[in-house]
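**Student:** can't give you the sequence, but here's the structure:
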């Protein structure tokens, strides 16, 4: 669902491109924001996975003992 929307928005921005450098600056800012969001999401997912693994290990140890 996201890909066609992204494609349409990129097409419309290509059609409306009047000043190339300002457009490339804004697109690079968007890319940086996307990278930051992806890094934050990955860090949060890793933390959640570590917590889940620790909880599972504790439960297994308690059940085994």
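**Tutor:** Received, thanks. As the structure is a prediction and not an experimental result, all values here were calculated from the model.

**Student:** For this protein, which helix extends over the most residues?
**Tutor:** With residue count as the measure and DSSP state H as the assignment, the chain has helix 20-64 as its longest helix.

**Student:** who does that one touch, helix- and strand-wise?
**Tutor:** Counting contacts by 3 or more Cβ pairs under 8 Å, 6 or more residues apart in numbering; DSSP states H and E, helix 20-64 is packed against no other helix or strand. Placement of C-beta: from N, CA and C, glycine included.

**Student:** the bottom helix or strand of the chain by mean pLDDT?
**Tutor:** helix 2-15 (a mean of 49; mean pLDDT, DSSP states H and E).

**Student:** Give me the residue ranges of the chain where confidence is low.
**Tutor:** Counting by pLDDT under 70, the chain contains low-confidence ranges at 1-27.

**Student:** Compute the distance between residue 50 and residue 44, please.
**Tutor:** Noted for residue 50: a distance of 11 Å to residue 44, by Cβ to Cβ, to the nearest Å.

**Student:** should've said residue 64
**Tutor:** If you go by Cβ to Cβ, the gap between residue 64 and residue 44 works out to 30 Å.

**Student:** the more surrounded of those two?
**Tutor:** Neighbours per residue (other Cβ atoms under 10 Å) separate residue 64 from residue 44, with residue 44 holding more: 10 against 6.

**Student:** what about residue 58, neighbour count?
**Tutor:** Residue 58 is surrounded by 10 other residues when neighbours are defined as other Cβ under 10 Å.
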